[in-house]
Every structure is written in structure tokens, then in C-alpha cells.
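Novice: Show me the folded form of this:
(one chain, ligands or ions: 1)
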Amino acid sequence: MDFYIMTLFPDMVMEGLNTSITGRAVSKGLLSVEAVNIRDYAFNKHNSVDDYPYGGGAGMLMQAEPVYQCYKSLKERIRLKRLKKEQDGAGKSDNQKKTRVVYLSPQGQTFHQSMAEEFAKEEELILLCGHYEGIDERVLEEIVTDYVSIGDYVLTGGELPAMVMVDAIARLVPGVLHNDVSAEFESFQDNLLEYPQYSRPEVWHEKRVPEVLLSGHHANIEKWRREQSVIRTAKKRPDLLEKALLTEAEILLAESVKEENI
Ligand code: ADE
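Specialist: Predicted coordinates:
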């Protein structure tokens, strides 16, 4: 999967994403991450890309034209890349499919796991990061397909939200995590939180690892983990339980935990 991040701060994005698991996936050729500097598409001799908002008000706005030119050049590169992939026979590329362009903004839909799963199906993704007071509305109207927020707070720019999105989506791409199973069984799978986990030693600060985990009895371990997931979710995120698929016994268990918590 290819990520293209349109930004005024390419170093910030690349330094963050070239390390750890995403960095390793890039080296292995499972992903590509490229930050494209919108300033390279400035059209005046001062290289500026911002201007005062019409009607007054605080701060500066990113102008439409550099953002648009940056997008157009990316779109052409993506078209050529898809074509080459098809000519090389490296899988059929759907050249008709429109590349999604995500604008990171507190006004967007709140990002969540199922959105990450949906985006992970794309061949590539363009993430557009605003700065200052935002971007001229007219270019957003022309190029943006999705508006995404990472939560109800205001950051200084879209770079951190874009990195959050790339990280959450990239780990769902097959092969990115060493162990594909771990992408399945974890927080938010089935709308349940992950069960508690333990590693060596068996006793730490006088706390013992739950006996069942040392038993080697896989069915009992799975049963215990499932119960723990239900208990945790009922305690910490009862709102998630509404969407979880629970058995009758699990519903009763969740209810009793919620009552204890009151
Ligand atoms: N840009 C500034 N704040 C943001 C947020 N909370 N989510 C996405 N983009 C943003």
C-alpha cells in the first residue's frame, strides 16, 4: 500500500514513520510512505503558500493553488505507477478507481478501527495536512473525498493525525506485523477490549500470573481470555458492549460487572 502525505512539514512525518514497525515494513517493500512538500508548488518568488483570509479574522490560510498543483502532480504519478504495475504483471491495478484524498481536520468523522480496516483495502491513500488556520475551502471541495478527525481536540496541524492514521492502517496490511494473528485478537476486535497479558517472571512484586495461563490447557485459556475481555470492556468501555456479539452468559457477566462498578 502506498501512502502519500501532502504537508508543509515533510521531515516531521518521515522521521516519525520511518522508525519502528512502519519503517521496517517500508524497508521490506510492504508499504511506501512519502511526504510531499506543498511548498514545492508555491507559485511566487517568496515561496509562500499562505495568505490572509477574506473577511478578516485571526491567522493565515493555506492557498488553494499550491495544494491543487501538489495534488495534480501526485495524481499523475499514481496513474503512472498503476500503469507500470499492470504492465509488469504485478497484480491487476484498477486504474478507474479514484484515489481517496483524506483531509485531516477536527471537523471530520472521528477515526476508529473499522475506518482503518476500510482504508487498508485501498491501493494507495493521499493524506492532506492543513496548517495555520486551515486551507482555502475551494480546493478542499475539488479534491477531498474524506474528512477525518482523530478526536475532539484541536492540534496545530494535520501531521500528527496523518501519522496516527498511517500507523493504524499500515499494521493491518498483510505481513506488516510479524504475527498476523496479533492484528486479529486485540483491542476492539469484536468490539471487546483485549484481555490482560503476562510474561516472565511468574511472580513479580508478589503478584502471580493467573494459574490458568500456566496450565497449558488451551480451551480453558481461551475461555478465561474471553471472560476477561468481557469484564474489562464492561468496566472500562461499557459503551462498546452495545455493538459486541455476546452469548447469554456473557451478557449476564457484563451486567454483573457494570452493577459492581456503580
Ligand atoms: N487538525 C487539527 N486538529 C485535528 C484533529 N483533532 N484531527 C485531525 N486533524 C486535525
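Novice: When you work out contacts or count neighbours from here on, use the C-alpha atoms and nothing else.
Specialist: Will do.
Novice: pLDDT at residue 185, what is it?
Specialist: Predicted confidence (pLDDT) at residue 185: the value is 46.
Novice: meant to ask about residue 91, not that
Specialist: In the predicted model, residue 91 carries a pLDDT score of 64.
Novice: swap in the one 10 residues further on?
Specialist: In the predicted model, residue 101 carries a pLDDT score of 98.
Novice: Give me every residue in the stretch 1-150 of the chain that's in contact range of the ligand.
Specialist: Of all the residues in the stretch 1-150 of the chain, those in contact range of the ligand (C-alpha under 6 Å from any ligand atom) are 104-106, 148-150.
Novice: Cross those residues against strands and list the overlap.
Specialist: When strands are assigned by DSSP state E, the members of these inside them are 104-106, 148-149.
Novice: Buried only: go through the residues you listed for me.
Specialist: Neighbour counting with 16 or more other C-alpha atoms under 10 Å marks 104-106, 148-149 as buried within these.
Novice: Hmm, residue 103 is touching residue 134, no?
Specialist: No. Checked against C-alpha atoms under 8 Å, the pair residue 103 and residue 134 is beyond contact range at 10.3 Å.
Novice: quick revisit: in JSON lines: the residues of the stretch 1-150 of the chain next to the ligand, plus distance to residue 114 and pLDDT.
Specialist: As requested, these are arranged in JSON lines below (distance: C-alpha to C-alpha, whole Å; pLDDT from 0 to 100):
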{"residue": "104", "distance to residue 114": "17", "pLDDT": "98"}
{"residue": "105", "distance to residue 114": "19", "pLDDT": "98"}
{"residue": "106", "distance to residue 114": "19", "pLDDT": "97"}
{"residue": "148", "distance to residue 114": "13", "pLDDT": "98"}
{"residue": "149", "distance to residue 114": "14", "pLDDT": "98"}
{"residue": "150", "distance to residue 114": "13", "pLDDT": "98"}
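Novice: Which one of these is nearest to residue 197?
Specialist: In terms of C-alpha to C-alpha, no member of these lies closer to residue 197 than residue 150, at 27.2 Å.
Novice: Grab the nearest non-local neighbour of residue 134.
Specialist: In space, and not counting its chain neighbours, residue 134 is closest to residue 61: 5.4 Å by C-alpha to C-alpha, 6 or more residues apart in numbering.
Novice: tell me the pLDDT at that neighbour?
Specialist: Residue 61 carries a pLDDT value of 96.
Novice: what does residue 190 give?
Specialist: In this model, residue 190 is scored at 82, pLDDT.
Novice: Grab the nearest non-local neighbour of it.
Specialist: Take residue 190 and drop its neighbours on the chain: the residue closest to it by C-alpha to C-alpha, 6+ apart is residue 244, 5.7 Å away.
Novice: Wait, residue 157 touches residue 129, no?
Specialist: Yes. Under the criterion of C-alpha under 8 Å, residue 157 lies in contact with residue 129, with a separation of 6.5 Å.
Novice: quick one: which of the two has more around it?
Specialist: Under the neighbour definition other C-alpha atoms under 10 Å, residue 157 and residue 129 were set side by side, and residue 129 has more, 24 against 19.
Novice: hmm, back to that, who has more neighbours out of residue 103 and residue 134?
Specialist: Looking at residue 103 and residue 134 with other C-alpha under 10 Å, you find the greater number of neighbours at residue 103, namely 26 against 19.
Novice: dump the residue contacts of that one.
Specialist: Under the criterion of C-alpha atoms under 8 Å, 6 or more residues apart in numbering, the contact list for residue 103 reads 127-130, 140, 144-148.
Novice: Apply 6 Å and report the result again.
Specialist: Under the criterion of C-alpha atoms under 6 Å, 6 or more residues apart in numbering, the contact list for residue 103 reads 128, 147.
Novice: tell me which residues form a beta bridge with it?
Specialist: Partner residues in beta bridges with residue 103, using DSSP bridges, are residue 128, residue 147.
Novice: which one is residue 245 nearest to, not counting chain neighbours?
Specialist: On the basis of C-alpha to C-alpha, 6+ apart, the spatially nearest residue to residue 245 that is not a chain neighbour turns out to be residue 190, at 6.9 Å.
Novice: I'm done for today, thanks for sticking with me.
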